[in-house]
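*Asks:* Sequence first, predicted model second:
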Amino acid sequence: MKASDDFIVPLCHNCHMLGVELAGDETAWFASNGISNAVKISNDINKYYLSDNPENAHDYIMRRFL
């Protein structure tokens, strides 16, 4: 069963396939990569995406990670 998009954190292909998938424990993988609050980040992205201007989600991601 596919997880709800309410709980996503965008990752590049390598991080997803070679990181999270192999680690088996998403929370530990995120923490080991300096992201201790992945659930809050996913909630923020979803909040911005559902706003009147979904492009705010992209802006949030760019500010937060780049």
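*Replies:* In hand now; what should we look at?
*Asks:* Now do the contacts for the most centrally placed residue in the chain.
*Replies:* When C-alpha atoms, centre = their mean is applied to the chain, the residue found nearest the centroid is V9 (1.1 Å). Counting by C-beta atoms under 8 Å, 6 or more residues apart in numbering, V9 touches F30, I35, A38, I41, S42, I45. Heads up, the C-betas are built off the backbone N, CA and C, glycines and all.
*Asks:* contacting residues around the last one?
*Replies:* What that stands for is I45. Counted by C-beta under 8 Å, 6+ apart, I45 has contacts I8, V9, P10, A57, Y60, I61.
*Asks:* Could you say which helix or strand holds it?
*Replies:* Using DSSP states H and E, the element containing I45 is helix 38-49.
*Asks:* Show me what counts as buried in that helix.
*Replies:* Residues of helix 38-49 classed as buried by neighbour count (16 or more other C-beta atoms under 10 Å): A38, I41, S42, D44, I45, N46, Y48, Y49.
*Asks:* same deal with stretch 44-63?
*Replies:* For stretch 44-63, by 16+ other C-beta under 10 Å, it's D44, I45, N46, Y48, Y49, N56, A57, Y60, I61.
*Asks:* I'd guessed A57 sits against Y49; true?
*Replies:* Yes. Here A57 lies in contact with Y49, judged by C-beta atoms under 8 Å, at a distance of 4.1 Å.
*Asks:* just so I have it, where are all the strands in this structure?
*Replies:* Read by DSSP state E, the chain holds no strands at all.
*Asks:* Give me the outermost residue of it relative to its centroid.
*Replies:* Farthest-out residue of the chain from its mean C-alpha position, per C-alpha atoms, centre = their mean: D52, at 20.7 Å.
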